[in-house]
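Undergrad: Here's a sequence, model it:
(one chain, ligands or ions: 1)
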Amino acid sequence: MKIKKAIIPIAGKGTRFLPATKEIAKEIIPIINVPMIHYVVQEAVEAGIEQIIFVTSSGKFSVEDYFDRNQELEAFLERNNKTKDLELVRQIGMMVNVTAVRQKEQLGLGHAVLMAKNMVEGEPFAVLLGDDIVVNPVPAIKQLMNVSLANECANVIGVMEVPKEDTAKYGIVKGDMIDDRTLRMNGMVEKPKPEEAPTNLATPGRYILTPDIFEILEKIPRGAGNEYQLTDAINILCQRKNVLAYKFFGERFDTGNIHGYLDATIDFALKDPLFREKFIQSLQYRIKKYGINL
Ligand code: G1P
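TA: Numbers count the residues shown, from 1 in each chain. From the prediction side, this is the model:
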């Protein structure tokens, strides 16, 4: 079954980006000139997703507006013969259908996903977390869709290897490897201490799930951090359904924190022929200016 819908939870306050997030949605903060959320939605669209379901909170209208048409701006660009800009702005406005549902209290990722239950309408769906940007010619979520399709529409959790000392930042999967990239899961733990982590395979926020997850999400108690955890629901799902984990190809940037954000900015500037040369020059100049020995 083709996966057409993707849930993207964006209700978080983005406190790590204060004071910017006092007045603007974290998702709109750009990497160079492109809002972070653009990359995540683009990944979904390139994977064939037709509808994005944002799970939002107050102050997130700009994210919905970003993916809408802006007739006034388009008319202005047209009047001023800014054809390239006009094309760009139009393309973004027509990129994908967007709907939004409110998460009235921030009670965790599991709770956020549950808010979208009625919009998913009984179909398998994708979940992408907006704090993670994954760069790869074949979108990470598409890779998971392919694994799901090849395995009778199994649930598939995208994973990557992390250093053992980082397990407490992620949902960690466990199970048996069935080939060099795929694991048949028998459980999942949210943010285990390194000494308690069953593996070092962490999910950076890419999931293909079947609607069975909702019935579990409705019943689970609060878990780690006193929140309703998607990880806990997946852990139960593993006892009932075929749940796979797949080590996807791609480089992941954790843009939920300032270091990951800077890392992505530097990488994107270096790979973009428009910025690369001048950016290298300014890096060289600044490294010298601050007396940094590389
Ligand atoms: C969430 C999930 C966690 C996942 C992580 C990826 O945690 O609960 O399982 O590994 O996103 O970024 P958060 O970072 O929101 O605390």
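Undergrad: so what's Phe214 up against?
TA: For Phe214, the contacting residues are 114, 117, 120, by Cβ atoms under 8 Å, 6 or more residues apart in numbering. For glycine as for every other residue, the C-beta is placed from the backbone atoms N, C-alpha and C.
Undergrad: And those residues, which is closest to Ala154?
TA: The closest of the contacts of Phe214 to Ala154 turns out to be Val120 (Cβ to Cβ; 17.1 Å).
Undergrad: Quick check: the gap between the closest one and the ligand.
TA: Distance from Val120 to the ligand, counting by Cβ to the nearest ligand atom, to the nearest Å: 19 Å.
Undergrad: right, and that residue touches Ala6 too?
TA: No - under the criterion of Cβ atoms under 8 Å, Val120 is not in contact with Ala6, lying 9.8 Å apart.
Undergrad: out of the two, which sits in the busier spot?
TA: Ala6 (27 against 21; other Cβ atoms under 10 Å).
Undergrad: now the host helix or strand of the more buried one, how far from the chain's geometric center?
TA: According to DSSP states H and E, Ala6 maps onto strand 5-9. Counting by Cα atoms, centre = their mean, to the nearest Å, strand 5-9 is centred 9 Å from the centre of its parent chain.
Undergrad: List the contacts of it.
TA: Strand 5-9 has contacts (Cβ under 8 Å, 6+ apart) with 37, 40-41, 44, 49-55, 103, 109, 112-113, 116, 119-120, 123, 125-130, 141.
Undergrad: same question, stretch 261-281
TA: 17, 29, 31-32, 36, 133, 251, 253, 255.
Undergrad: Let's have those residues in CSV, adding neighbour count and pLDDT.
TA: Shown next, in CSV, are the contacts of stretch 261-281 (neighbours: other Cβ atoms under 10 Å; pLDDT from 0 to 100):
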residue, neighbour count, pLDDT
Phe17, 19, 95
Ile29, 16, 96
Ile31, 20, 97
Ile32, 12, 96
Met36, 23, 97
Ile133, 29, 97
Glu251, 13, 96
Phe253, 23, 97
Thr255, 26, 95
